[in-house]
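Asks: I would like the atomic coordinates for the input below:
(one chain, ligands or ions: 1)
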Amino acid sequence: MTKPPSLKRPFKTAKPAQAGKPPRPARPQPPERPGLPSRRVAARLLAAVVDTRTSLDGLTDRGHGHPEFRALEPRDQALVKAILTVALRRRGTIEAVIAACIEKPLPGGAASLRHILHVGAAQILFLDVPDAAAVDLAVSQADADPRSQRFAKLVNAVLRRIARERDALLAAVDDPRLDTPAWLFQRWAAAYGEAEAERIAAIHRVPAPLDFTARRDPAVVAAEIGGEVLPTGTVRLSGGEGLVGDLPGFATGDWWVQDAAAALPARLFGDLAGARAADLCAAPGGKTAQLAAAGARVTALDISASRLRRLKENFARLDLEAETQVGDLAAFRPDEPFDAVLLDAPCSSTGTIRRHPDVAWTKTAEEVEKLAGVQARMLRQAVGLVAPGGLLVFSNCSLDPVEGEDVARAFLAEHKEFELEPVRPDEVPGLEAAVTGEGFLRTTPAMLMRETPDASGLDGFFAARLRRRS
Ligand SMILES: C[S@@+](CC[C@H](N)C(=O)[O-])C[C@H]1O[C@@H](n2cnc3c(N)ncnc32)[C@H](O)[C@@H]1O
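Replies: Modelled structure (predicted):
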């Protein structure tokens with residue numbers, strides 16, 4: 001990451017003090033304007049996401065995130081996250097609105113100016129921040145940055161116009177496709193058709209509901225947190241804001257946060273009471289928790305020690321048990337094979353864009369292809385871990401068939417000792433349309449439509465259930 005520019009104006013190096021003359025006291029710096037640090041950090045993090053394809057989750061991690069983010073007060077951190085989430089979710093729209101307010105394109109190399117404008121416009125267009133504050137802080141920010149100082153007047157004019165003409169400007173550029181990078185939209189259109197790709201792009205513009213998997217009775221959890229039980233059994237809370245940890249049932253381990261689609265793959269094993277199960281890519285453990293809660297004796301493997309630590313914390317809260325192992329699947333040699341093996345493989349995560357809008361701007365088509373190769377390799381490594389007659393569920397949260405259907409088909413063609421055990425529509429009530437003709441499970445964010453968009457949709461997920469012949 002580039003070194004953060006100094007906020008202070010450049011100053012000349014002081015000459016060494018001459019003998020006899022007392023050194024001149026340093027001029028006190030005026031205190032920074034309230035609100036400016038959070039906007040500066042927002043612009044810096046936006047740059048890291050879109051210019052160097054850095055994950056927003058990593059940048060805003062409370063323990064290991066960007067140092068300037070970690071230095072902010074919790075309230076300012078929340079504001080930075082809110083600004084960035086909407087700035088990335090509506091990136092194309094914001095870009096089009098800014099373009100409509102300037103006579104000629106922003107000068108090439110004016111990246112810093114562009115990020116300042118995006119942060120300012122995101123607040124004016126989509127957040128409950130007073131327009132005057134958003135404009136003034138963006139102007140101060142431009143003025144304090146040597147790279148954008150000469151554009152401070154432009155920032156003022158553009159953002160004031162956006163504040164004045166917000167509704168008309170938004171109406172003039174209202175096209176969900178704008179907020180999805182073209183390469184990604186084309187891949188969805190090729191896979192699901194133009195109309196479904198548009199529906200996916202449209203629902204991505206709406207913040208996702210919060211989904212929970214109940215440890216015991218979903219109806220009780222729904223009543224306690226004021227949510228609804230979806231036909232799939234997931235508990236959903238829409239339009240909810242605030243800290244998950246403050247909700248009833250958190251401390252007592254009554255539920256864990258898990259998207260409705262992410263809850264499906266582990267259910268494909270059916271009855272697991274007393275079974276030996278392995279979760280080969282387990283952390284942070286949403287699906288491992290399902291396996292353990294269903295009565296399996298679970299071994300949870302993950303290559304990341306820190307992510308596995310989170311799994312252990314989650315399990316302690318949920319009062320669930322699993323044997324954990326930090327390690328690479330390639331070197332995993334258990335004493336005996338398992339009845340049930342889950343491979344929830346690393347992927348491009350394009351099915352989670354609604355919750356993680358940075359994914360749309362940090363991933364590339366090349367990465368999708370490369371990750372499909374990783375998944376195919378991991379699936380081959382899982383073969384010897386499945387007992388005869390046992391089940392192997394392969395899943396991931398990519399929306400791209402290259403990482404899902406294609407990997408599963410190639411595996412089945414190569415491994416005649418496995419057969420596909422088709423998913424039946426009655427196994428996924430409310431999501432019957434997610435069962436493909438071949439018997440795979442394929443969700444897209446445009447499924448599971450409810451009364452309002454903020455209560456609708458789910459992550460894009462793929463799952464195939466493969467049985468090892470006896
Ligand atoms: C999609 S995440 C798993 C999410 C998890 N199943 C859940 O539901 O909470 C993929 C996980 O695979 C792990 N991983 C990646 N490569 C691995 C490997 N070679 N061996 C074991 N784990 C690996 C990553 O550390 C990551 O935690």
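
Asks: below-threshold pLDDT in the stretch 1-150 of the chain: ranges please.
Replies: Within the stretch 1-150 of the chain, the ranges that satisfy pLDDT under 70 run 1-30.

Asks: in it, what residue lies closest to the ligand?
Replies: Per C-beta to the nearest ligand atom, residue 57 is where the stretch 1-150 of the chain lies closest to the ligand, at 12.3 Å. (Glycine included, C-beta is placed from N, CA and C.)

Asks: isn't that residue up against residue 357?
Replies: No. Taking contacts as C-beta atoms under 8 Å, residue 57 lies outside contact range of residue 357: 11.3 Å.

Asks: quick one: the strands in this structure?
Replies: 210-214, 228-229, 235-237, 255-257, 276-279, 297-302, 323-326, 338-344, 386-396, 418-420, 441-443, 461-468 (DSSP state E).

Asks: in this protein, what residue lies closest to the ligand?
Replies: Closest point on the chain to the ligand, by C-beta to the nearest ligand atom, is residue 281, at 3.1 Å.

Asks: nearest residue to that residue in space, please, no chain neighbours.
Replies: What sits nearest to residue 281 in space, not counting adjacent residues and going by C-beta to C-beta, 6 or more residues apart in numbering, is residue 344, at 5.0 Å.

Asks: excluding chain neighbours, what is closest to residue 94?
Replies: Once flanking residues are discounted, residue 94 sits nearest to residue 121: 4.9 Å by C-beta to C-beta, 6+ apart.

Asks: count the neighbours of the one you found for me.
Replies: Residues within reach of residue 121, counting by other C-beta atoms under 10 Å, total 27.

Asks: what residues does the stretch 251-400 of the chain put near the ligand?
Replies: The stretch 251-400 of the chain comes close to the ligand at residues 262, 281-287, 301-304, 307, 328-329, 344, 346, as judged by C-beta under 6 Å from any ligand atom.

Asks: which of those are buried?
Replies: Listed as buried from these are 262, 281-287, 301-303, 329, 344; burial here means 16 or more other C-beta atoms under 10 Å.

Asks: return the subset of the residues you listed lying in helices.
Replies: 286-287 (DSSP state H).

Asks: want to throw the buried ones among the residues of the stretch 251-400 of the chain next to the ligand into TSV with pLDDT?
Replies: TSV is the format used below for these (pLDDT from 0 to 100):
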residue	pLDDT
262	98
281	98
282	98
283	97
284	97
285	98
286	98
287	98
301	98
302	98
303	98
329	98
344	98
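
Asks: re the thing from before, compare residue 57 and residue 357 (neighbour count), which wins?
Replies: Taking other C-beta under 10 Å, residue 57 and residue 357 do not tie; residue 357 has more neighbours (24 against 11).
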